[in-house]
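Q: let's see this in three dimensions:
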Amino acid sequence: MLKQTFLLSALLFGLSACQSTDVAKQDTVPLQGRWHIEAIQGQPTVDYSPAQITFDAEGKISGNNSCNNFFGQYSQQGQELKIIPGGSTMKACVDALMQQEHKVMQALPLVAKAKLVQGRLTLLSSDDKPVLVLSQLK
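A: Numbering: from 1, shown residues only. Model (predicted):
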């Protein structure tokens, strides 16, 4: 009887492990490509702002934070997302774009999750508040 209980437990554990792997794959949000930054922590970006971010297949990010170019890394597991800014160029721009650039760079490390809804990629904080709202560039 003990042997049968052990085998049944092992079988159920094995099946549940397979199921959770499939769920994680379904939850993965496709990030790769270029995305225009539409909003930063609930505030829309400046009209015609060049703010954009590119996610590549090797876990690297690059983009324009409104004035300067930036680069860094990201890691993704399911809907969980971590962005680690590496650095940026340092040219001066008009005040509005410099302020927006500062907000972008402050927002990137706050990202904890990614969610894709109606073609918009929303990057959320750990408490599910929108940090960045992005639309894909062609």
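Q: for beta bridges, what are the partners of the residue nearest to residue 86 when sequence neighbours are not counted?
A: Leaving out its chain neighbours, the residue that sits closest to residue 86 by C-beta to C-beta, 6 or more residues apart in numbering is residue 72, at 4.0 Å. Just so you know, the C-beta spots here come from the backbone N, C-alpha and C atoms, and that holds for glycine as well. Listed by DSSP bridges, the beta-bridge partners for residue 72 are residue 61, residue 85.
Q: look at residue 72 and report its pLDDT.
A: Looking at residue 72, its pLDDT is 97.
Q: next: residue 23.
A: Residue 23 is assigned 37 on the pLDDT scale.
Q: what of residue 8?
A: Reported pLDDT for residue 8: 50.
Q: repeat that for residue 48.
A: Reported pLDDT for residue 48: 86.
Q: same thing with residue 77?
A: pLDDT, residue 77: 93.
Q: what about it, neighbour count?
A: For residue 77, the tally of surrounding residues (other C-beta atoms under 10 Å) stands at 10.
Q: thinking again about what came up before, contacts only, for the residue nearest to residue 86.
A: 60-62, 83-87, 108 (C-beta atoms under 8 Å, 6 or more residues apart in numbering).
Q: using the three-state scheme, assign residue 107.
A: Secondary structure assignment for residue 107 (DSSP: H, G, I helix; E, B strand; the rest coil): helix.
Q: go ahead and confirm it touches residue 40.
A: Yes. Contact between residue 107 and residue 40 holds when scored by C-beta atoms under 8 Å: they sit 5.4 Å apart.
Q: of the two, who's got more company?
A: Neighbours per residue (other C-beta under 10 Å) separate residue 107 from residue 40, with residue 40 holding more: 24 against 21.
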